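Participant: model the structure of this input:
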Amino acid sequence: MSNSKQNNNQNNNHNNHNSNHKWINQLRLLPSKPNSNDFLKLEYLEVNLNNSRKLINNLNELSKNTNDYLDNLNLQVNGNLVQIKHIEKELDWLPK
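Facilitator: Okay, the predicted model is just below:
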């Protein structure tokens, strides 16, 4: 696969991955009863929600980086296999 096709595939995968989790950034907390003064609880929950968003985003980034690394590794391995097959064909004339 050419580098431009690979980059396009990686960008598409990244965009799809991000669009699958857009709802995370849209989460908001509302008081259960506006007159109950439970805003302190809401602030605590909002902090936890923000931490959860950060964790999910970090995991998504880790997943993307891992996939990019594996794609590059596969390209290297496949390139080496092609070279090995070529060398093997070159040496076929030798007696075994």
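
Participant: on the three-state scheme, Leu62 is what?
Facilitator: Assigned with DSSP: H, G, I helix; E, B strand; the rest coil, Leu62 falls in the helix class.

Participant: could we number from 7 for the rest of this?
Facilitator: Fine by me, first position is 7 from now on; the one you just mentioned is Leu68.

Participant: from Tyr75, how far out is it?
Facilitator: Leu68 sits 10 Å away from Tyr75, taking Cβ to Cβ, to the nearest Å as the criterion. To be clear about C-beta, it is placed using only N, CA and C from the backbone, and glycine gets the same treatment.

Participant: Lys102 too?
Facilitator: For Lys102, the distance to Tyr75 - Cβ to Cβ - is 38 Å.

Participant: looking at the two, which one has more neighbours?
Facilitator: Using other Cβ atoms under 10 Å as the criterion, Lys102 and Tyr75 rank with Tyr75 on top: 10 against 4.

Participant: the more buried one: what's it in contact with?
Facilitator: By Cβ atoms under 8 Å, 6 or more residues apart in numbering, the contact set of Tyr75 is empty.

Participant: ok, Leu51 - how many residues close by?
Facilitator: Leu51: 12 neighbours (other Cβ under 10 Å).

Participant: okay, stretch 60-78 in CSV with CA atoms only?
Facilitator: Only the C-alpha atoms of stretch 60-78 are listed here, as CSV (Å, rounded to 0.1, in the frame of the first residue of the first chain):
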residue,chain,number,x,y,z
LYS,A,60,-9.5,13.0,29.7
LEU,A,61,-9.0,9.3,30.4
ILE,A,62,-11.2,8.3,27.5
ASN,A,63,-9.4,10.7,25.2
ASN,A,64,-6.0,9.4,26.4
LEU,A,65,-7.1,5.9,25.7
ASN,A,66,-8.3,6.8,22.2
GLU,A,67,-5.0,8.5,21.5
LEU,A,68,-3.1,5.5,22.8
SER,A,69,-5.2,3.3,20.6
LYS,A,70,-4.5,5.5,17.5
ASN,A,71,-0.8,5.6,18.3
THR,A,72,-0.7,1.8,18.7
ASN,A,73,-2.5,1.3,15.4
ASP,A,74,-0.1,3.6,13.7
TYR,A,75,2.9,1.8,15.1
LEU,A,76,1.5,-1.6,14.1
ASP,A,77,0.8,-0.3,10.6
ASN,A,78,4.4,0.9,10.3
